[in-house]
Every structure is written in structure tokens, then in C-alpha cells.
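Q: coords below, sequence missing:
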């Protein structure tokens with residue numbers, strides 16, 4: 001049997017935190033969102049990060065996306081330590097190596113489904129015809145071929161999140177970060193979205209990190225990391 005990429009010598013993990021601390025000033029005091037956090041996510045893994053509000057879940061996602069920087073420690077994505085990258089390289093890293101799925105979909109109302117999915121390629125200067133061809137293939141994969149020319153306002157919440165997943169994968173990222181992607185969906189749609197996210201991640205060779213408060217959503221992942229007060233209190237393997 002072929003060994004998964006995460007176990008091959010010389011292949012770096014998709015995501016790695018090394019003794020990461022993140023503090024925010026609040027008046028005369030300081031809030032410590034992350035307190036010496038260290039973990040690795042091997043390539044191809046589907047990880048759920050769970051915890052109560054204020055546990056540090058969203059901070060992990062912001063640091064992994066390169067949207068924010070740690071107070072101390074290192075954040076590595078696809079073998080590159082983000083704080084060492086010049087601004088232009090960090091922008092390219094976010095664009096090329098990371099896909100994002102948000103709770104509120106973030107689709108552009110004036111664009112069709114296929115144009116929304118193609119957007120990361122178009123913003124990166126890609127050929128429009130090729131971008132739309134790749135977008136169409138992913139729209140088919142998420143089961144929305146019949147909605148290809150529809151605008152977002154014509155879609156259900158579950159359909160909009162399917163479009164967002166297709167958009168996150170269209171540029172072939174190493175890492176997909178999903179921020180409460182089922183938060184605005186009913187239980188049936190939520191289950192379908194998490195299953196789709198895991199399946200397409202595997203099919204496209206992407207590592208998926210899901211931040212969620214939903215135990216049902218976390219149960220679909222192959223590994224669950226639980227945070228409390230910016231620290232890992234449990235790291236378990238199992239589920240899907």
C-alpha cells in the first residue's frame with residue numbers, strides 16, 4: 001500500500017505551530033489568546049479544532065492564514081515559516097497555498113457561481129478561460145452543475161457553502177482552513193457540508209483544518225484538537 005505523504009521522509013507538515021503565544025492589549029491589561037501552543041498537522045489530514053468561546057480557536061486560524069502574526073513562536077505553512085516571508089511573498093503564500101471557507105460564505109453577489117469559484121485564479125492573474133474551466137469542474141464536483149450561472153441570492157445556505165468550498169479548492173491549495181462552516185446551516189445541510197469538505201480535501205490532496213463548536217461536525221474529522229485558554233487539553237485520533 002502507498003504510504004501517505006505525511007509519512008514520507010523529507011515531506012514537511014502542512015501546518016506547524018512551534019511554542020506560539022499570541023497576546024492582545026486590552027486597556028491596561030493583556031489577553032493571552034494562545035499560550036505556548038505547539039502542534040503539527042501532517043499533509044492529507046482532516047483536523048477539527050474545538051473549544052469554548054475564547055479558547056483560541058479563531059486565533060489559530062488567523063495565524064495559520066497569515067492574517068495575523070504571533071507575539072512569539074513560529075507558524076509554518078507548507079514548509080515555510082510565515083514571519084520570515086516578505087510581505088509580497090506572504091500575500092502569494094495566502095493566495096496560492098491556503099484556501100478559506102467562512103461561516104458567512106463571502107460570495108460576491110454580482111458574480112455567478114462559476115465566476116465566484118474562479119475568483120482566486122482570476123485575482124492571481126490566471127487565464128480567464130482556464131480559470132472558468134477549472135471552476136466548472138469543481139462546481140460539478142460539489143453537485144451544482146445546474147446552478148453554474150446562478151447568482152448567490154438564488155441559492156440556499158447549503159448551496160452557497162458548497163460554492164465556497166469549491167472556491168477554496170480551485171487553486172490547489174496545500175491547506176484549507178474552515179471557520180465554523182456549518183454555523184449558519186440546518187443539521188442536515190451541516191452534515192453534508194462537513195462530509196463534502198473532508199471528501200474533496202482527500203480527493204484534491206489538501207489538508208483540512210476545521211474550527212468548530214459543533215461536536216457533530218468535529219466527529220467527521222480524523223483528528224480532534226481541543227483547546228482551553230490557549231492550550232491543548234486533548235488531541236485525539238478517530239472519527240471519519
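A: Alright, I've got the coordinates. Bear in mind the structure is a predicted one, so any value in this text is a computation, not a measurement. Numbering: from 1, shown residues only.
Q: and residue 24, that's in a strand?
A: Yes - assigned with DSSP: H, G, I helix; E, B strand; the rest coil, residue 24 falls within a strand.
Q: quick one: residues contacting it.
A: Each residue near residue 24 by Cβ atoms under 8 Å, 6 or more residues apart in numbering is listed here: 30, 31, 33. For glycine as for every other residue, the C-beta is placed from the backbone atoms N, C-alpha and C.
Q: in CSV: those residues, plus secondary structure, neighbour count and pLDDT.
A: Output for those, formatted as CSV (DSSP: H, G, I helix; E, B strand; the rest coil; neighbours: other Cβ atoms under 10 Å; pLDDT from 0 to 100):
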residue, secondary structure, neighbour count, pLDDT
30, strand, 11, 88
31, strand, 12, 89
33, strand, 26, 94
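Q: dump these to a markdown table, plus distance to residue 84.
A: Output for the contacts of residue 24, formatted as a markdown table (distance: Cβ to Cβ, whole Å):
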| residue | distance to residue 84 |
| --- | --- |
| 30 | 25 |
| 31 | 26 |
| 33 | 22 |
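Q: what separates residue 74 from residue 36, distance-wise?
A: Distance, residue 74 to residue 36, by Cβ to Cβ, to the nearest Å: 12 Å.
Q: what do the two both touch?
A: Counting by Cβ under 8 Å, 6+ apart, the residues touching both residue 74 and residue 36 are 19, 20.
Q: do you know how far residue 158 is from residue 206?
A: To residue 206, residue 158 is 21 Å away according to Cβ to Cβ.
Q: tell me which of the two has more neighbours.
A: Remark: of residue 158 and residue 206, residue 206 carries more neighbours, 22 against 18, as counted by other Cβ atoms under 10 Å.
Q: was I right to think that one contacts residue 99?
A: Yes - the pair residue 206 / residue 99 is scored as a contact, 7.0 Å apart, by Cβ atoms under 8 Å.
Q: any residues in contact with both of these two?
A: Applying Cβ under 8 Å, 6+ apart, one finds that residue 206 and residue 99 are jointly contacted by 169, 173, 175, 176.
Q: from these, which land in strands?
A: When DSSP state E is applied, those are split such that 175, 176 fall in strands.
Q: where's the dip in pLDDT among the shared contacts of residue 206 and residue 99?
A: Lowest in pLDDT among the shared contacts of residue 206 and residue 99 is residue 173, which has 91.
Q: look up how far residue 147 lies from that one.
A: Distance, residue 173 to residue 147, by Cβ to Cβ: 23 Å.
Q: by mean pLDDT, flag the weakest helix or strand of the chain.
A: Within the chain, judged by mean pLDDT, DSSP states H and E, the helix or strand with the poorest mean is helix 87-97; its value is a mean of 86.
Q: mind listing what's buried in it?
A: 90, 93, 94, 95, 97 (16 or more other Cβ atoms under 10 Å).
Q: same question, stretch 15-29
A: Neighbour-count burial for stretch 15-29 flags 15, 16, 17, 18, 20, 22 (criterion: 16+ other Cβ under 10 Å).
Q: isn't the fourth one up against residue 72?
A: Read it as residue 18. No - here residue 18 does not reach residue 72: they are 9.9 Å apart, not a contact under Cβ under 8 Å.
Q: where does the prediction get shaky in the protein?
A: Within the chain, the ranges that satisfy pLDDT under 70 run 1-10, 239-240.
Q: kindly recompute the last result at 50.
A: The chain contains residues with pLDDT under 50 at 1-6.
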